[in-house]
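1. here is a sequence together with a model predicted from it:
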Amino acid sequence: MTAGIMRGRFAPSPTGYLHLGNVWTAFLCWLQVRQQGGKLILRIEDNDEQRSKELFRQAFLEDLTWLGLLWDEGPDTGGPAGPYTQQERYAVYAAALRQLQERGLLYPCYCTRARLQSIGAPHPGEQYLYDGHCRQMSLAERRQMTRTPSLRIRVPAAEIVFNDGVFGRKNAFLPATCGDFIVRRSDGMYAYQLAVSVDDALMGVTHVLRGADLLASTAQQIWLIRLLGYEAPAYTHVPLLVDSDGHRLSKRQNGITVRYLREQGIDSDTLLSYLAWRGHLLPDRRRYSLTELKKRCDLQKLTAENIVIHKNLENYLSLFFP
């Protein structure tokens, strides 16, 4: 890995086909890195073994290649920071956990899902803050427990300050932002917060661009990356794509997939040109080549406002992006 070179990453989870929201993020990641002459990493975040499928992983590679959003390091191309698939990185996460355990930062949590849900979130749409129920449990009390615990990390009374590329300066007091969070689940799987932080640190990621829905996780990831002895990346959280009713385009919402649009005869340049125009990256509503998009798109035009996608998108594209 070359010092001073921007290293960005696109890190999808293979739990469904690539949808329009994925494409938007992948496109912006690609633009950010290519405009700065950096390296783009494709990382497959398949730590959710129950929902992740090889079928979708292969489809991701095919659809991103069709879009022209090629990467420099990834599961198919290799690279100096591999492996690039999370299920192949469990030994790396285990080593990070041992490091944290040796420093006395981890403790077992025996709370049931029902109890955790009863804590509640402070505001609608926000994650709950753990109340520390198991933090001071004695060794004798732990020995009486019969359920397999998760592992939580002790979060200090510290403030994390960072500047987001879209949302600006953010101040986050960790106990009020995330509380003691899980780093290994009770089923033995490594938690998202641990895996993504370790991956970004060890892969030398300098810039993270992702959806605004993950902004709330940023402070704890910065803290964890620094705790492991690495420099945290610069973060940019981009507006989400939503339908006319304000619902986020996602796999769970059965968002428009790349495969569907391809079947309707939409080409990749048309699709990316639409997203660039709709996201205010360029002023003119027309079809651009990928080379033109790389040259003309201005990421400084991104705002925090969600982007509404037209109904019957395939018809709209056919009419207005000939």
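-> Nice, thanks for sending it over.
2. now the strands for the stretch 51-200 of the chain?
-> Assigned by DSSP state E, counting those that start in this stretch, the strands in the stretch 51-200 of the chain fall at 106-109, 150-153, 159-164, 168-173, 182-184.
3. so which of those is nearest Leu67?
-> Distance to Leu67, taken as C-beta to C-beta, is lowest for strand 159-164 among these, at 26.0 Å. Just so you know, the C-beta spots here come from the backbone N, C-alpha and C atoms, and that holds for glycine as well.
4. is the residue positioned nearest the centre of the chain within a helix or a strand, and which one?
-> For the chain, Arg210 is the residue whose C-alpha lies nearest the centre (C-alpha atoms, centre = their mean; 5.5 Å). Assigned by DSSP states H and E, Arg210 belongs to strand 207-211.
5. skip ahead from that strand and say which helix or strand is next.
-> helix 218-227.
6. the helix or strand following that next one vs helix 218-227, what angle?
-> As assigned by DSSP H and E, the chain's next helix or strand after helix 218-227 is strand 234-238. Using axes from the mean of the first three to the mean of the last three C-alpha atoms, to 10 degrees, the direction of strand 234-238 lies 160 degrees away from that of helix 218-227.
7. other SSEs contacting whichever helix or strand comes after strand 234-238?
-> Counting by DSSP H and E, the element after strand 234-238 in chain order, helix or strand, is strand 241-242. When contacts are defined as 3 or more C-beta pairs under 8 Å, 6 or more residues apart in numbering; DSSP states H and E, strand 241-242 sits against helix 20-35, strand 307-308.
8. give the buried residues for the longest one.
-> For helix 20-35, the neighbour count (16 or more other C-beta atoms under 10 Å) marks 20-34 as buried.
9. now the least confident helix or strand in the chain by mean pLDDT: how far from the chain's centre is it?
-> Within the chain, no helix or strand scores below helix 113-119, which has a mean of 85 by mean pLDDT, DSSP states H and E. Averaging C-alpha positions (C-alpha atoms, centre = their mean, to the nearest Å) puts helix 113-119 25 Å from its chain's average.
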